[in-house]
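> Just the structure for this:
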Amino acid sequence: MRALPLGKITVATAGTPVPITNAMLTTAGDGRGPNGGVMCLEFWPVFGNTGRVLVKDLSTGNVIAELPTPANGKAQKYRICGPDGGNVVYPTSFQVDVTTSGDAAYVTAWVE
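Prediction:
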């Protein structure tokens, strides 16, 4: 398994989600598996955020995970992986939103 760090995804305006696809294509050089999928995606809130990070389904806008503001030197991550391994998680299905404008998340894709 290899990591594709997608970097920091900043949401300029709270309530205006940012798809992670652009970061996938530019930062990682599109190192996805041959089917366009990845094995896992990890989302971490940035220390210094003042609000929560929301991981959303791109097609419905539904919140999949809500990550609290990091506190006391700890951050809570959200990780989504395919149930049986393989590159079956599709980054094009996810977006990052925040509750406070200018907050961000670090995103990493894992490829088998």
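> Residue 42: what's it in contact with?
Contact analysis of residue 42 by Cβ atoms under 8 Å, 6 or more residues apart in numbering lists 77, 78, 79, 107, 108, 109, 110. The C-beta positions use only the backbone N, C-alpha and C, and glycine is treated the same way.
> Strands - which of the residues you listed land there?
Judged by DSSP state E, the subset of those located in strands is 78, 79, 107, 108, 109, 110.
> are any of the residues you listed buried, and which?
Buried residues within the ones in strands among the contacts of residue 42, counting neighbours by 16 or more other Cβ atoms under 10 Å: 78, 107, 108, 109, 110.
> Surely residue 69 touches residue 45?
Yes - using Cβ atoms under 8 Å, residue 69 makes contact with residue 45 at a distance of 6.7 Å.
> Of those two, which one has the most company?
Shown here are residue 69 and residue 45; by other Cβ atoms under 10 Å, residue 45 has more neighbours (23 against 18).
> now the more buried one: how far from residue 54?
10 Å (Cβ to Cβ, to the nearest Å).
> Next, show the common contact partners of the two.
Common neighbours of residue 45 and residue 54 (Cβ under 8 Å, 6+ apart) are residue 67.
> what stretches of this protein score poorly on pLDDT?
Residues of the chain that meet the criterion pLDDT under 70 lie in 22-35.
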